[in-house]
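A.B. asks: Predicted coordinates and the sequence they were generated for:
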Amino acid sequence: MLHTVNKSPFERNSLDACLGLAKAGSAILLIEDGVVGAIKGTTIESKLTETMQSSKIYVLGPDLAARGLSEDKLVDGIQVVDYGGFVDLAAENTAVQSWL
Amino acid sequence: MSEGTIKKFMYVNRKPPYGTVYALESLEVVLIGAAFDQDVSLAFIGDGVYQITKGQSTSDIGMKNFSPTYNALGDYDITKLYVEQESLTERGLSVDDLMDIVYEDEDDDWAEKPSIRVVSRAELADVIAGQDILLNF
Amino acid sequence: MKFGILINEGPYQHQASDSAYLFAKAAIDKGHEVFRVFFYHDGVQNATCLSSPPQDDRNITALWSELAKEHNVDLVVCVAAALRRGILDENEAKRNGKDAHNLADGFRISGLGQLIEAGIQSDRLMVFGD
């Protein structure tokens, strides 16, 4: 299943809810304000690293760039996709859950 | 997708009622959607659990109390209301703080049964993973 | 593959409609079909033809109208949510005794059943909101 998260983990609990309820083997895509969670050196980095042992985490490049965050700041293992990649993720997974 | 296909629809509720319109308008979709004979369930996660607390009284805030409508869901064959145990615990709540939402089981001589299923986070993760359509508001 | 899209937020206030639009365009560019976009909650505000953003900003309503025209995308606005928020087509304006209507080209007003149907008919339902 593809899970999208569009909220900053420093403001809302959407990412936490997602990480708690996404099963191993999920794809998690951070979009909109959610992209700020993908940066190295934050208080949630270890949670993401742990999640990536069993699931994949992606971040939407256009939203990252819009917020002045460069790809070299991402937590290791997080993959950048564009909107086409977002569409592919939605198509590849059997269903989509949006953590708003 | 051919005609007559039954999909698993889950309404994921994560926001409290009244502060925003999401809970009410989610319930409106649930009621309309009931006519489509799909496999419907509701999940109450995080602050969503406040949507089904007992004793809601809105007379002093000028808004309609729509919580009694959850009691009618059984009449629409919507009988699976999943509540995440961890969400209750984190909020100092227990199932006793929730409404007694029930349905009559036609396969069991119309016995009255609870619609609310308190499940662990891990159990709920399994239920979510089995859905086809997840509606979030 | 057929996509259905649900938009829960109005334009400009929240990125939801922009994200949904870019997703829809990318899906179409990849040869997928966007079967229906359903506008609910404040999302119905995307459908007002009275929206007049400054010239150097995108006109989100116009973008949706164009997408609908070019790619035959069904843009459906929830009737109950729309009437509450003052989005009316000619018919609803008449029925509700209003002397103006503001539904933009390419949008139509209909019931919540259209959302459920989008879920049933589409291979994937995408939700964009707050």
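C.D. replies: Great, that's in hand.

A.B. asks: which other helices and strands contact the helix or strand where B:I32 lies?
C.D. replies: Using DSSP states H and E, B:I32 sits in helix B:22-33. Helix B:22-33 is packed against strand B:8-13, strand B:39-44, helix B:68-71, helix C:113-121, with contacts defined by 3 or more CB pairs under 8 Å, 6 or more residues apart in numbering or on different chains; DSSP states H and E. All C-beta atoms are positioned from the backbone trio N, CA, C, and that covers glycine.

A.B. asks: Mean neighbour count added to these, as CSV?
C.D. replies: Shown next, in CSV, are the helices and strands packed on helix B:22-33 (neighbours: other CB atoms under 10 Å in any protein chain shown):
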stretch, mean neighbour count
strand B:8-13, 23
strand B:39-44, 23
helix B:68-71, 15
helix C:113-121, 21
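
A.B. asks: Save those as TSV, and put in mean pLDDT and distance to chain A too.
C.D. replies: Formatted as TSV, the helices and strands packed on helix B:22-33 follow (pLDDT from 0 to 100; distance: least, CB to the nearest CB, whole Å):
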stretch	mean pLDDT	distance to chain A
strand B:8-13	98	7
strand B:39-44	98	9
helix B:68-71	97	21
helix C:113-121	98	11
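
A.B. asks: immediately after the longest helix that chain A contains, which helix or strand?
C.D. replies: Criterion DSSP state H: the longest helix present in chain A is helix A:83-92. Sequence-wise, the next helix or strand downstream of helix A:83-92 (DSSP H and E) is strand A:96-99.

A.B. asks: contacts for that following strand?
C.D. replies: By CB atoms under 8 Å, 6 or more residues apart in numbering or on different chains, the surrounding residues in contact with strand A:96-99 are A:1-7, A:14-15, A:17-18, A:22, A:90, B:12, B:14, B:128, B:131, B:134, B:136, C:124-129.

A.B. asks: Name the residues of chain C found near chain B, please.
C.D. replies: Selection of chain C residues close to chain B by CB under 8 Å from any CB of the partner chain yields C:2, C:6, C:8, C:40-41, C:80-81, C:111-113, C:115-117, C:119-123, C:125, C:127, C:129.

A.B. asks: roughly how far out does the helix holding B:I32 sit from the chain middle?
C.D. replies: Averaging C-alpha positions (CA atoms, centre = their mean, to the nearest Å) puts helix B:22-33 10 Å from its chain's average.

A.B. asks: again, but for stretch A:25-41
C.D. replies: 3 Å.

A.B. asks: Report whether stretch C:58-76 contacts chain A.
C.D. replies: No. Against chain A, stretch C:58-76 shows no contacts by CB under 8 Å from any CB, the least distance being 13.5 Å.

A.B. asks: So which residues make contact with the lengthiest helix in chain C?
C.D. replies: Using DSSP H, we find that the single longest helix of chain C is helix C:16-29. With CB under 8 Å, 6+ apart as the test, helix C:16-29 has contacts from A:6, A:31-32, A:62, A:82-84, A:86-87, A:90, C:3, C:5, C:7-11, C:33-34, C:37, C:43, C:46, C:58, C:60, C:63-64, C:67, C:71, C:73, C:126, C:128-130.

A.B. asks: let's see it at 6 Å
C.D. replies: For helix C:16-29, the surrounding residues in contact (CB atoms under 6 Å, 6 or more residues apart in numbering or on different chains) are A:83-84, A:87, C:3, C:5, C:7, C:9, C:11, C:34, C:46, C:60, C:63, C:71, C:128-129.

A.B. asks: same thing with stretch C:65-77?
C.D. replies: Residues contacting stretch C:65-77 (CB under 6 Å, 6+ apart): C:28, C:34, C:36-39, C:44, C:47, C:64, C:104-110, C:114.

A.B. asks: what are the ranges of the helices in the chain?
C.D. replies: All of this is about chain A. A:14-21, A:45-51, A:61-66, A:83-92.

A.B. asks: please go with chain C instead
C.D. replies: According to DSSP H, the helices that chain C contains are C:16-29, C:60-71, C:79-84, C:90-95, C:113-121.

A.B. asks: next one: chain B
C.D. replies: Using DSSP H, helices in chain B cover B:22-33, B:68-71, B:85-90, B:121-129.

A.B. asks: picking up where we left off before, out of the helices and strands packed on helix B:22-33, which gets nearest to A:T51?
C.D. replies: strand B:8-13 (19.5 Å; CB to CB).

A.B. asks: Fine, thanks again, bye for now.
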